[in-house]
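In: prediction below, plus the sequence it came from.
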Amino acid sequence: MSQSRSHYVIATAGHVDHGKSTLVRALTGIDPDRLAEEKAREMTIDLGYAWLALPNGATLSIVDVPGHERFIKNMLAGVGGIDAALLVVSADEGFMPQTNEHLAILDLLEIERGTVALTKSDLVDDEWLDFMQEDISARLATSRLHDAPIVPVSAVSGDGLEALVSVLQQQLDAAPLALERGSPRLSIDRVFTTTGHGTVVTGTLIDGVMSAGDDFMIYPEARPVRVRGLQVHNRIVERTEPGNRVAVNLAGIAVNDLRRGDLLGRAGEFTPSSRLDVRLSLLPDAPSPIKQDDVFDFFLAAAELPAHVTLLDRDLLDAGDTGWAQLRFSQRVVARSGDRFIARRASPSQTIGGGEVIDPNPARHRRFDADVLSKLETRLKGDPDELTLAAIGRSIVPVESITDPESLSRLVDAGRVALVGGEGRFVAEHGRLAELKTLVLDVIDTYHGEAPFASGIPRQSLRAQLDIGAAFDALIGDMTATNELVDGGTAIRLPQFRITLAPDDRQRADRWLGAIDGEPFAPASPAEFQIEHDMLLALTSLGEIIRAGEGIYVTPAALEQVESVVLGAIDRNGSIDLAGYRDLTQTSRKYAQAMLELLDQRRVTRRVGDRRIRYRSAGNRAQGDDA
């Protein structure tokens with residue numbers, strides 16, 4: 001079952017003059033064309049933005065991209081980090097060159113969700129409209145948008161707009177959650193100033209949370225900046241989550257020191273590089289192959305720069321083929337494993353392919369190196385650190401089960417996972433470890449509330465509730481070492497927990513304990529003083545009484561007297577039996593048997609036949625304690 005989100009980002013795509021901006025205005029009431037030249041020419045040149053509230057209450061940000069081939073670079077800057085595409089096709093013209101190119105770009109970026117808005121549907125008859133829908137379905141059949149619904153609309157009359165919004169919501173309801181992976185980044189696609197605020201950048205926030213007052217860096221130059229303020233849909237917010245279109249007011253940097261494609265991220269989280277290892281694919285209709293040391297224009301999110309190609313596994317990459325390559329740049333680039341990119345020829349201007357970043361900070365490779373290619377194939381399955389995190393998951397796992405020790409070491413150093421146990425025998429993701437520790441404390445605190453006279457939760461009960469297997473003792477050991485817990489062996493308690501008796505209970509208990517000390521060889525029963533089960537449990541936990549048998553309890557002081565009498569008799573006579581102790585203390589057989597068995601349990605005496613001797617007498621040491 002999918003989970004709903006509160007915000008989404010989509011981008012338009014499609015040929016020039018097919019009505020993308022007009023449709024956005026009709027849907028949102030916002031004019032995405034912000035430049036005077038755009039308004040004069042009635043053609044989108046740069047990126048525009050608008051938003052609307054969906055019927056379910058979620059907000060939808062729309063990135064309106066230019067459709068003309070001369071502004072395809074601006075289009076590429078706007079389609080990074082989107083949840084879905086809104087492919088706009090004019091009903092009177094159908095698919096055109098930029099429709100095909102935009103669709104190819106969406107495929108290369110692995111945009112899996114989309115809706116087709118069949119605009120200007122009021123200009124054609126029903127028969128032509130049916131034909132056009134069939135034609136579009138056929139053209140989408142081999143693309144990632146093969147299941148995209150087609151909605152006829154007219155931005156002029158308003159026909160179909162309500163249906164389009166409903167379809168968009170259905171599509172986006174199935175979109176995955178925008179996961180918070182701890183390290184926010186925003187690829188800057190617009191830079192400008194506003195009166196009274198100064199430098200402002202915009203982009204789609206991915207991978208983490210951003211808050212007003214946060215300190216960040218502008219990469220690749222590593223310039224420190226501070227987030228002075230945040231806006232989402234023209235509304236000031238203190239905090240924004242991944243998946244939002246956001247305007248960020250920056251302190252500490254001028255507009256002239258920023259450019260489209262710069263990355264806003266936390267200090268130390270990214271390492272700019274002049275090389276990337278990639279899985280490179282050419283489109284089936286690419287006009288020419290890529291040769292060794294070829295050059296193409298590289299687009300990653302909002303960044304654009306020329307890339308020189310080192311083909312690692314072949315001499316020529318033909319149209320429709322995929323291969324390993326290392327891209328080299330004259331200026332540094334910032335990427336993460338798994339990022340998607342687009343490759344274009346500068347002349348003639350055309351999208352030729354794209355692919356996936358596999359290693360964002362590689363060493364220089366030799367071509368046709370089997371070891372290098374093998375490692376790249378392994379990394380293709382995912383970033384090593386992300387694979388290690390996936391292997392750890394929501395569990396505490398043995399360190400020996402991690403197959404990449406170097407990755408584990410990096411994650412520990414980066415504070416993303418923690419070793420558990422005195423010798424680091426287990427490892428857990430930091431967030432999960434914190435949750436488990438909180439669970440331990442909550443379970444014990446609840447137990448203290450339910451059993452205030454117990455010394456702590458029984459160890460086996462806590463073990464069963466945590467259900468973390470062999471890692472239980474390691475976790476409890478760590479929490480004990482940091483004084484979060486007190487481990488009493490069979491019971492575990494919170495450090496601040498103390499067993500306390502009410503004043504009346506305390507007085508009654510003291511009278512009973514005094515009676516026991518006065519008659520240690522025939523101790524008073526708890527029933528004589530109305531000492532019930534809970535108070536017995538409390539006094540036992542406090543160490544004030546010791547159970548000797550059914551209904552028979554002694555204090556530590558009384559037990560010392562019993563022990564003194566018994567050991568004195570043994571020293572005089574070599575041993576003592578039940579009858580001898582009974583006669584010596586003038587007590588009953590019940591008390592005599594209970595006391596002698598208690599001394600056996602505490603390894604003060606040792607039973608040999610019907611008699612007791614000192615547990616560690618010279619005569620029995622050689623036999624061993626278990627004889």
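Out: Now that the structure is in, tell me what you want to look at.

In: what is the burial count for residue 520?
Out: By the criterion of other Cβ atoms under 10 Å, residue 520 has 21 neighbours. C-beta here means a position set from N, CA and C on the backbone, and glycine is covered the same way.

In: same question for the one 4 residues further on.
Out: Taking other Cβ under 10 Å as the neighbour definition, residue 524 ends up with a count of 19.

In: likewise residue 567?
Out: Around residue 567 there are 17 other residues, counting by other Cβ under 10 Å.

In: distance of it from residue 602?
Out: 12 Å (Cβ to Cβ, to the nearest Å).

In: equivalent analysis for residue 569, please.
Out: In this view, residue 569 and residue 602 are 17 Å apart by Cβ to Cβ.

In: tell me where the stretch 351-500 of the chain has helices.
Out: Secondary structure of the stretch 351-500 of the chain by DSSP state H, counting those that start in this stretch: the helices cover 370-380, 384-392, 405-413, 430-450, 459-466, 471-481.

In: what angle separates the third one from helix 430-450?
Out: Using axes from the mean of the first three to the mean of the last three Cα atoms, to 10 degrees, the inter-axis angle of helix 405-413 relative to helix 430-450 is 60 degrees.

In: could you do the fifth one as well?
Out: Following the same axes, to 10 degrees, one obtains 130 degrees for the angle between helix 459-466 and helix 430-450.

In: and helix 459-466, what does it pack onto?
Out: Of the remaining helices and strands, those touching helix 459-466 by 3 or more Cβ pairs under 8 Å, 6 or more residues apart in numbering; DSSP states H and E are helix 430-450, helix 471-481, strand 491-493.

In: rerun at 10 Å
Out: helix 430-450, strand 457-458, helix 471-481, strand 491-493 (3 or more Cβ pairs under 10 Å, 6 or more residues apart in numbering; DSSP states H and E).

In: single out the most deeply packed of the ones you listed.
Out: Most buried of those, by mean neighbour count (mean count of other Cβ atoms under 10 Å): strand 491-493, with a mean of 21.

In: that strand: how far from the chain's middle?
Out: 31 Å (Cα atoms, centre = their mean, to the nearest Å).

In: list the contacts of that strand.
Out: The contact list for strand 491-493 (Cβ atoms under 10 Å, 6 or more residues apart in numbering) reads 440, 443-445, 447-448, 454-459, 461-463, 476, 479-480, 485-487, 499, 541.

In: please redo it, this time with the cut-off set to 8 Å
Out: 444, 448, 454, 455, 456, 457, 458, 459, 462, 476, 485, 486 (Cβ atoms under 8 Å, 6 or more residues apart in numbering).

In: so who does the second one touch?
Out: Okay, so that is residue 448. When contacts are counted by Cβ under 8 Å, 6+ apart, residue 448 touches 454, 456, 457, 493, 494, 497.

In: could you dump the residues you listed to CSV with pLDDT and distance to residue 344?
Out: Output for these, formatted as CSV (pLDDT from 0 to 100; distance: Cβ to Cβ, whole Å):
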residue, pLDDT, distance to residue 344
454, 81, 71
456, 86, 67
457, 92, 64
493, 89, 66
494, 92, 63
497, 84, 67
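
In: farthest-separated two in those residues?
Out: The largest separation in those, counting by Cβ to Cβ, is between 454 and 494 at 12.2 Å.

In: still on that earlier bit, quick one: which of the contacts of residue 448 is nearest residue 294?
Out: Out of those, the member with the shortest distance to residue 294 (by Cβ to Cβ) is residue 494, at 66.3 Å.

In: how far out from the middle of the chain is the longest strand along the chain?
Out: For the chain, the strand with the greatest residue count under DSSP state E is strand 322-333. Its chain's average C-alpha position is 30 Å from that of strand 322-333, according to Cα atoms, centre = their mean.

In: list the buried residues in it.
Out: 323, 324, 325, 326, 327, 328, 329, 333 (16 or more other Cβ atoms under 10 Å).

In: just checking, next helix/strand downstream of that strand?
Out: Remark: after strand 322-333, the chain's next helix or strand is strand 340-345, criterion DSSP states H and E.

In: now do the contacts for residue 153.
Out: Each residue near residue 153 by Cβ under 8 Å, 6+ apart is listed here: 23, 117, 118, 119, 121, 159, 160, 161, 163, 164.

In: please repeat the previous calculation with a cut-off of 10 Å.
Out: Residue 153 sits in contact with 19, 23, 26-27, 88, 91, 116-122, 159-164, where contact means Cβ under 10 Å, 6+ apart.

In: about what we covered before: tell me the one of the contacts of residue 448 nearest residue 223?
Out: Once Cβ to Cβ is applied, the member of these that ends up nearest residue 223 is residue 494, at 47.7 Å.

In: nearest residue to the closest one other than its sequence neighbours?
Out: residue 444 (5.5 Å; Cβ to Cβ, 6 or more residues apart in numbering).

In: how much space between that neighbour and residue 352?
Out: 63 Å.

In: still on that earlier bit, could the contacts of residue 448 be laid out in TSV, adding distance to residue 222?
Out: Listed next are those as TSV, based on distance: Cβ to Cβ, whole Å:
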residue	distance to residue 222
454	57
456	51
457	50
493	49
494	45
497	50
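
In: next, show the common contact partners of residue 567 and residue 602.
Out: By Cβ under 10 Å, 6+ apart, residue 567 and residue 602 have these common neighbours: residue 615.

In: picking up where we left off before, determine which two of the contacts of strand 491-493 are furthest apart.
Out: The largest separation in these, counting by Cβ to Cβ, is between 454 and 476 at 17.2 Å.

In: doesn't residue 484 make contact with residue 440?
Out: Yes - contact status for residue 440 versus residue 484: in contact at 8.1 Å, counting by Cβ atoms under 10 Å.

In: quick check: neighbours shared by those two?
Out: If you check residue 440 and residue 484 against Cβ under 10 Å, 6+ apart, the residues they both contact are 476, 494.

In: contacting residues around the closest residue to residue 223 other than its chain neighbours?
Out: Counting by Cβ to Cβ, 6+ apart, residue 223 lies nearest to residue 253, which is 5.8 Å off, once chain neighbours are set aside. When contacts are counted by Cβ under 10 Å, 6+ apart, residue 253 is found next to 191, 198, 199, 201, 218, 221, 223, 224, 225, 226, 262.

In: next, count neighbours for the first one.
Out: Same thing as residue 191. Neighbour tally, residue 191, other Cβ under 10 Å: 19.

In: quick one: residues contacting it.
Out: Residue 191 sits next to 199-202, 250, 253-260, 262 when contact means Cβ under 10 Å, 6+ apart.

In: does anything pack onto the strand or helix carrying residue 100? Which helices or strands?
Out: Assigned by DSSP H and E, residue 100 belongs to helix 97-108. Secondary-structure packing of helix 97-108 (3+ Cβ pairs under 10 Å, 6+ apart): strand 7-13, helix 72-78, strand 84-90, helix 126-140, strand 340-345, strand 350-359.

In: ok, of the ones you listed, where does mean pLDDT dip lowest?
Out: Of all these, helix 72-78 carries the lowest average pLDDT, namely a mean of 48.

In: hmm, the residue nearest to residue 494 is touching residue 456, no?
Out: Yes - if you go by Cβ under 10 Å, residue 444 and residue 456 touch, sitting 7.1 Å apart.
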